[in-house]
Every structure is written in C-alpha cells, then in structure tokens.
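>>> show me how the following folds:
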Amino acid sequence: MDDHTALFDLTGRVACVTGASSGLGRRAATVLAEAGAAVVGVARRAEGLGDWQSKCSGETHAVAADVSERASLANVAEMVAAPFGAPDIVVHAAGINTREAADDVTDKGWDATLDLNLSTPFFLSQHLVGDMKVKGWGRIVNFASLQTTRAFPGGIAYGATKAAIGQLTRAMAEAWSCDGINVNAIGPGFFETELTAAVFSDPDRAARNAAQTCIGRNGRMDDLDGPLLFLCSPASDYVTGQVLMVDGGFTAK
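Residues are numbered from 1 along each chain as shown. Below is the predicted model of the structure:
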C-alpha cells in the first residue's frame, strides 16, 4: 500500500453508522466496510439492516434501535461498542423530513424532526467521545443538507434542524478537536433515496433540480463515497468544523 492509498485506509478502525438500513446511511455503512472498517449499522428496521449485511462485504454488525429516543442512547452506545469495541468513527445519517407546510406544522412533527435530526447526533456522540479521547483519534460526520443554507417549501422543521447541524458541527469541533476528534458534515444535494421519493416521483421536478446544479445532474450514490472516506480517514487530519457540500454545485449558483 502506497502512502496515498494509506490516507484513505480504514483497516483496524471501528465505525458506527446510524440510518444504515436504507438510503445514504446504507451507502455510507457499505463504503466504510469496504474500506476496511468494522461497521456497526444502526436503524429501527431490523429487516433492512439484515438486507444490508447480506449484501455488504466486510465485517459488519447490526443494532436495531430507535435513536430518536434520547433516554435509550446510553444503551445504544453500549450495544454499538459490544461487537468490535468502541467506535473510532461515527456517521449520523439517520433523519426525517415530515414535509409539513409552515401553516400545518404540528407539535408532533416538529419534535420528531428536532429529536432525530439534531438532538441525536449530539447526544449519541456525547456518549461515544470518551473512548475516542482515550485513543486520541476520532471522526464524527454529521449530515447537513441543501436546507442548511436554502429554504424549500414544506421544509421549515427539517430546514431548521439542518441549519442547526452546521453550527452544531462547528461547536462539536471546537469542543473535541483538541482531543484528536475531528467533526465535519456532509451536505448532500438531491440523491434518489427513500427520503427524497416525493421529489424524484415527479420527473419534471427532478429535472429542474438537476438543471440548478453546476454539473447538470442529480447525485448518484457513488458520488458520496470519496467525500465520506476523506472525512472518515487520516486524509482529513487537518480538517474539522466544516460542511462539505456534495451537491454538484447546487449551492454555488
């Protein structure tokens, strides 16, 4: 292995990925496993996790849990650490978008969105950073969004959480990077997943979104691989507190 390849090698590392049963979380869990990490995938749906494991090469373990329940996160952290040891890498890909219009936002929808999209990335990380501090090395990757900086219809609760993720990422970096724990965020553009099914079910809308990028197309799953490996590996040793937009230049226009 040459020096440049070693920059992205995760052999010997342990990773935890939430939302691993589908979409971008599943892709992230697969990519990290293929890069050599032992990966613990966490999601509510055990069936989806089982399907991910059956199709993923590499060392994997599944934890079926609802990470939106803050009281259960200490237990989730223990289950995550049980199979391979405490994680060196945590990717917070679990998320929800209720798509409620501003006039129709409900208490239930608002609270569910904030709990999963914003509170969970912080409090689950808080349970896991202790072991990273002991090792003097860690990577936390949050999931931002186009709505970290843009306002979309029906996205007031979701957008509020994703804007907050930008600041949470900076604040977590300020708190923990001195202990060797780098904290960054990936901001995906439009990728076809379960969460964006409503967007891609309308071909005209999907085409308009593609036209708004600099590159001229919507995202493909493999577009996420390089940026994720960069932020989870030694290649990003001097990168922390940043939001890396993986959006084909959508936010550049």
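>>> SS state for residue 231?
Following DSSP: H, G, I helix; E, B strand; the rest coil, the label given to residue 231 is helix.
>>> list the contacts for it?
Residues in contact with residue 231 (C-beta atoms under 8 Å, 6 or more residues apart in numbering) are 139, 141, 182, 184, 186, 239, 244. (C-beta placed from N, C-alpha, C; glycine too.)
>>> ok, of the residues you listed, which come out buried?
By neighbour count, with 16 or more other C-beta atoms under 10 Å, the contacts of residue 231 hold 139, 141, 182, 184, 186, 244 as buried.
>>> dump those into CSV; add secondary structure, pLDDT and distance to residue 128 as well.
Formatted as CSV, the buried ones among the contacts of residue 231 follow (DSSP: H, G, I helix; E, B strand; the rest coil; pLDDT from 0 to 100; distance: C-beta to C-beta, whole Å):
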residue, secondary structure, pLDDT, distance to residue 128
139, strand, 98, 11
141, strand, 99, 13
182, strand, 98, 14
184, strand, 99, 16
186, strand, 98, 19
244, strand, 98, 21
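>>> closest to residue 78 among these?
residue 139 (20.4 Å; C-beta to C-beta).
>>> now that closest one: how far from residue 96?
24 Å (C-beta to C-beta, to the nearest Å).
>>> for residue 112, same thing?
Relative to residue 96, and taking C-beta to C-beta, residue 112 is found at 6 Å.
>>> then residue 150?
Distance from residue 150 to residue 96, by C-beta to C-beta: 19 Å.
>>> which one of these two is surrounded by more residues?
residue 96 (18 against 14; other C-beta atoms under 10 Å).
>>> the closest residue to the more buried one other than its chain neighbours: what's it in contact with?
Counting by C-beta to C-beta, 6 or more residues apart in numbering, residue 96 lies nearest to residue 116, which is 5.1 Å off, once chain neighbours are set aside. Contact analysis of residue 116 by C-beta under 8 Å, 6+ apart lists 67-68, 94-96.
>>> got the phi/psi numbers for residue 116?
phi -80, psi -40 (degrees, to the nearest 10).
>>> ok so, going back, now distance to residue 39 too, for the buried ones among the contacts of residue 231, in TSV please.
Output for these, formatted as TSV (distance: C-beta to C-beta, whole Å):
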residue	distance to residue 39
139	13
141	13
182	19
184	19
186	17
244	21
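>>> closest one to residue 44 out of those, please.
Among the buried ones among the contacts of residue 231, and counting by C-beta to C-beta, the member closest to residue 44 is residue 141, at 20.3 Å.
>>> which ones are touching that closest one?
Residue 141 sits next to 89-92, 183-186, 228, 231-232 when contact means C-beta under 8 Å, 6+ apart.
>>> at 7 Å what do you get?
Neighbour list for residue 141: 91-92, 184-186, 228, 231-232 [criterion: C-beta atoms under 7 Å, 6 or more residues apart in numbering].
>>> all strands for this structure, in order.
If you assign secondary structure with DSSP state E, the strands in the chain sit at 14-18, 38-43, 60-64, 89-92, 138-143, 181-188, 243-246.
>>> any idea which of those gets closest to residue 174?
Using C-beta to C-beta, the nearest of the strands of the chain to residue 174 is strand 181-188, at 8.7 Å.
>>> who touches that closest one?
For strand 181-188, the surrounding residues in contact (C-beta under 7 Å, 6+ apart) are 24, 129, 132, 138-146, 148, 165-166, 169, 172-173, 176-177, 219, 224, 227-228, 231, 236, 239-247.
>>> buried ones in stretch 211-223?
Buried positions in stretch 211-223, judged by neighbour count with 16+ other C-beta under 10 Å: 212-213, 218-219, 221, 223.
>>> pull the most distant pair out of those residues.
212 and 221 (19.9 Å).
>>> and the pLDDT at residue 199?
What the model reports for residue 199 is a pLDDT of 83.
>>> helices of the stretch 1-150 of the chain, start to end?
3-6, 23-34, 46-55, 73-81, 107-114, 120-135 (DSSP state H, counting those that start in this stretch).
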